[in-house]
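Student: I need the structure of the sequence given here:
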Amino acid sequence: MGDFKCLNAIVNNESWLWHLRFEHLNFQSLRNLSKRNLMNGLPHIHHPGQLCEACIFGKNHKKPFVKEPWRAKFPLEPVHTDICGLMNISSIGGNKYFLTFIDDFSRKTWIYLLKRKDKIFHCFKIFKVFVERQSDKLIKRVRSDGGSVQV
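Tutor: Here you go, the predicted structure:
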């Protein structure tokens with residue numbers, strides 16, 4: 001069989017070789033190790049005139065994308081909703097799901113307990129009538145995580 005040299009890297013410059021062996025330690029620190037004879041077998045290190053691409057890439061950092069959080073200016077602008085269930089243990093009333101509605105403006109939360117998932121739309125209609133009468137405002141938008149409802 002042939003002699004395969006897979007993952008074999010050849011580095012001709014000993015300074016670069018030691019830079020890589022010490023996981024990209026800067027050349028000044030390598031030079032200090034060499035001058036003080038703190039490491040057996042470490043040759044005289046000189047800084048080559050090239051830049052290490054991996055070191056440059058490693059020193060770059062991504063600034064976080066800071067976006068001012070959007071908050072509703074009026075009640076019921078968006079109402080967030082989510083369904084949770086199927087619970088392993090049902091409630092005293094036999095419910096295995098619960099449905100939440102959260103007003104983005106006030107952070108007020110309504111929770112509806114459900115026996116079956118196919119009652120979500122019925123609950124939403126009850127909730128809509130209730131909050132719109134209480135607040136004299138209309139629900140502008142409803143946001144959910146897009147979970148599926150199997151009827």
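Student: can you list the domains in this structure?
Tutor: According to automatic domain parsing, the chain comprises the domains 14-59, 78-144.
Student: can you show me the strands along this structure?
Tutor: 78-85, 97-103, 109-114, 141-144 (DSSP state E).
Student: where exactly do the helices run in this structure?
Tutor: Taking DSSP state H, the helices of the chain run over residues 14-21, 27-35, 53-59, 120-135.
Student: can I get these in a markdown table including distance to residue 72, mean pLDDT and mean neighbour count?
Tutor: Where you see a C-beta, it was placed from the backbone N, CA and C, and this is true even at glycine. Formatted as a markdown table, those follow (distance: least, CB to CB, whole Å; pLDDT from 0 to 100; neighbours: other CB atoms under 10 Å):
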| stretch | distance to residue 72 | mean pLDDT | mean neighbour count |
| --- | --- | --- | --- |
| helix 14-21 | 54 | 75 | 16 |
| helix 27-35 | 54 | 80 | 15 |
| helix 53-59 | 41 | 75 | 10 |
| helix 120-135 | 13 | 90 | 14 |
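Student: count the residues that sit near residue 142.
Tutor: Using other CB atoms under 10 Å, residue 142 has 14 other residues around it.
Student: meant to ask about residue 13
Tutor: So residue 13, with other CB under 10 Å, has 11 neighbours.
Student: returning to that earlier point: mind putting the domains of the chain into CSV with distance to residue 70?
Tutor: Listed next are those as CSV, based on distance: least, CB to CB, whole Å:
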stretch, distance to residue 70
domain 14-59, 34
domain 78-144, 9
